[in-house]
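K.L.:
Structure for this input, please:
(2 chains)
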Amino acid sequence: MNAEEIIASGLLELYVYGSLSEEERKTVMKAIETYPEVQKEVEAIEASLISLGETVAPPLSVRIWNSIFKSISNPQGTPVQTLQKRNWAAISGWAAAILCVAGIFWMLRQNDNLQQQVNDITTENTELRTTMDSTQVDLAETNSLLELLRSKDFNTIILPGNDAVAPEAYAKVYYNAPGDIAYIDAKGLPEAPAGKVYQVWSLTLNPLTPTSIGLLDTATRTTGDVYLLKGIPVPEAFGITLEPAGGSETPTLEQLYTLGTVTP
Amino acid sequence: MVICFFRIIFSQKPTYWFHLILYMEQPNSLITELQKGSEKAFSRIYELYSKAIFGVLHGIVNDEYLAEELLQDVFVKIWNNASSYSKEKGRFFTWILNIARNTAIDALRSKAFKNSQRNLSTDNFVDIIASTDSLNRKTDAIGIKKFIDLLKPTCVKIIDLLYFKGYTQVDAAESLEMPLGTLKTRNRNCINELRKILAE
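P.N.:
All right, here's what the predicted structure looks like:
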C-alpha cells in the first residue's frame, strides 16, 4: 500500500484507538516509518481524539495531581529498601557526630586537667622559690654572723646557769669591746613565761654595779636565738635575769638565770 | 489563523490546533526522561494527557468521582510501568488509552460495582454529557453542543465504541450491525468530520 491508500484505508484511526490486529499494526508502523505524510496523518488523528477527550471531560481538580504526586513520591511498595538505605546514612552520620562531640569533650577535659596540673606546679614552684629565698637569706645571715663571731675582735663569754634558779640554763655572750656591741646567744635559756622577759645586765664587780643593756624581747634578733645588743659599758661580767615585762631598774637577783665574768 | 492563536492563548480549553502543534512529534524525550524516573517529565506528561484520559474514563464509567479515582490509578500505573512502553508498540497515547480502558473496566467488574448493579455504561459520551449537565459545565456548553449538533449520531456511536469503550473492530461492527469494511470507512469519515469541527 502506498501512503494515500494507507491514509484512505481507515487503518490509521484504528491504530490510534489501539484496535488493530498485530499484523495490521505492523503494516501501519512500517508505513509511518516510510512515509512522512502518514506520520503526520497519525499525529493529526491523535490530536483530534485528545481534543475530543478533553472536550467531554468534566472539570479536573488540581487535587488529583497532588494526590498522584504524593503516591509516586512515597511508593508503598519499597519502604523497606529505602528505610535500610536511609538508616545506613543516618546511623553513620549520627555515630560520627556523637564521636566528634565526645572527642571534643574528652579533649576539653584533658586540657582542663593539664591546665590544673600546670597551675599546681606553678604554685608549688613559687612556694619552693620563696622557701629557697628565705633559706638563702637565713644562710647569709648565719654566715655573716659566723664571720663576725670568728673574727678576733669578739670575745666569747660563757654564762653558766645559776644553780639556785636554773642549773641547766646557760648563755653565751660574744662581746666586741672596740665596737661596743655584744651578741647574746640565748639558746640555753628556757622559754620565758608569759608576762616575763629576760633582761641582760653588764656588771662591774668592784663595786658591784649592774647596768641594763637591754631586754631580749626588744633586742635585734639575728639568726636562731642570737640577739644583738649595743651600747655596752665596759663590763667585768654579764648576767641575765627574768624580769616582769618592760624590765626593771635593778636586777632581781632571785631570778638570776645565768652569770659569767669577762676574762681580761 | 490569527483568531485561532488568540483562542489558544486566551481560552482555558486547548483547541485542536493547539494539540496539532503540540503533538506534531510524540514527546519522545519526555517519555525517555519519564522512563528514567523524572518526576518533572511525569508532571509534563500529566499536563499533556490527563484531561483527555479523564474524559475517556468519564465516558466509560459515567461517574465523576469514580473517574477521578481511576485517573489517579491510571497515572500511578503510567509512572510504575513506564519502562514497559516502547515505540515499537505504537503511540504513547494509545498505550495510555489502553491502561485507562482496562483500569475502568476492571473497576466496573469489581465486586463493589457488581453489588450496586453497575456495568459498562450503555450511554455514549454525548448522552453522558447531556445527562450530567452540572453547573461547572456551563462554560464548556458551547463546545459540547457543537459535537451534539454537528457530529452525526452514527459517528457518535462509532467513536464511542472504538475510542471510549475500546471495542475491537469486529465487536464494534457486530454491535452496530454493519460490515467491517463499512465500519472502517465510516469511522475514518467521522474522524475527518471531527477534525473539521475542531478546526473551525
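K.L.:
got a list of what B:Lys40 touches?
P.N.:
B:Glu33 (C-beta atoms under 8 Å, 6 or more residues apart in numbering or on different chains). C-betas here are computed from N, CA, C, even on glycine.
K.L.:
secondary structure element for it?
P.N.:
helix B:39-61 (DSSP states H and E).
K.L.:
And the average pLDDT for that helix is what?
P.N.:
Taken as a whole, helix B:39-61 has an average pLDDT of 92.
K.L.:
In it, which residues are buried?
P.N.:
Residues of helix B:39-61 classed as buried: B:41-42, B:45-46, B:48-61 (neighbour count, 16 or more other C-beta atoms under 10 Å in any protein chain shown).
K.L.:
Please apply the same query to stretch A:31-44.
P.N.:
Using 16+ other C-beta under 10 Å as the test for burial, stretch A:31-44 gives A:31-32, A:35, A:38-39, A:41-44.
K.L.:
ok, so of these, who is nearest A:Asp153?
P.N.:
Within these, proximity to A:Asp153 (C-beta to C-beta) peaks at A:Glu43, which comes in at 136.9 Å.
K.L.:
Give the closest residue to B:Val170 in space, chain neighbours not counted.
P.N.:
B:Leu180 (6.8 Å; C-beta to C-beta, 6 or more residues apart in numbering or on different chains).
K.L.:
Any part of the longest helix along chain A near chain B?
P.N.:
Longest helix in chain A, counting residues (DSSP state H): helix A:79-150. No. Using C-beta under 8 Å from any C-beta of the partner chain, helix A:79-150 stays clear of chain B, with a minimum separation of 13.6 Å.
K.L.:
Measure how the first helix or strand past that helix going along the chain sits relative to helix A:79-150, angle-wise.
P.N.:
Going down the chain from helix A:79-150, the next helix or strand is strand A:154-160, by DSSP H and E. Calculated by axes from the mean of the first three to the mean of the last three C-alpha atoms, to 10 degrees, strand A:154-160 forms an angle of 100 degrees with helix A:79-150.
K.L.:
Surely A:Ala171 is in a helix?
P.N.:
No. Going by DSSP: H, G, I helix; E, B strand; the rest coil, the assignment for A:Ala171 is strand, not a helix.
K.L.:
Where does the stretch 101-250 of chain A get nearest to chain B, which residue?
P.N.:
A:Val101 (37.0 Å; C-beta to the nearest C-beta).
K.L.:
Of all the residues in stretch A:14-34, which ones are buried?
P.N.:
A:14-20, A:25, A:27-29, A:31-32.
K.L.:
number of nearby residues for B:Leu162?
P.N.:
Residues within reach of B:Leu162, counting by other C-beta atoms under 10 Å in any protein chain shown, total 26.
K.L.:
Kindly provide the distance from the nearest residue in space to it that is not next to it in sequence to B:Ile99.
P.N.:
The shortest distance from B:Leu162 to any non-neighbouring residue, by C-beta to C-beta, 6+ apart, is to A:Tyr17 (4.9 Å). Distance of A:Tyr17 to B:Ile99, given as C-beta to C-beta, to the nearest Å: 14 Å.
K.L.:
now do B:Leu162
P.N.:
From B:Leu162 across to B:Ile99, the span is 17 Å (C-beta to C-beta).
K.L.:
Quick check on A:Ser19: phi, psi?
P.N.:
Note on A:Ser19: its backbone torsions stand at phi -120, psi 30 [degrees, to the nearest 10].
K.L.:
how near is it to chain B?
P.N.:
Going from A:Ser19 to chain B by C-beta to the nearest C-beta, to the nearest Å gives 5 Å.
K.L.:
Can you show me the helices along chain B?
P.N.:
Remark: helices assigned in chain B by DSSP H are B:2-10, B:16-22, B:28-35, B:39-61, B:64-81, B:92-109, B:111-115, B:125-131, B:141-150, B:153-159, B:169-176, B:180-199.
K.L.:
Need the winner for burial among those helices.
P.N.:
For the helices of chain B, the largest average neighbour count (mean count of other C-beta atoms under 10 Å in any protein chain shown) is found in helix B:39-61, namely a mean of 22.
K.L.:
Model confidence for A:Met107, exactly?
P.N.:
Listed pLDDT for A:Met107 reads 96.
K.L.:
so where is chain A shaky, pLDDT-wise?
P.N.:
A:74-86, A:223-224, A:264 (pLDDT under 70).
K.L.:
Tell me the strands beside the host helix or strand of A:Ser202, with direction?
P.N.:
Secondary structure assigned from DSSP H and E places A:Ser202 in strand A:196-205. Next to strand A:196-205 in the sheet, as set by DSSP bridges, lie strand A:208-215 (antiparallel), strand A:237-244 (antiparallel).
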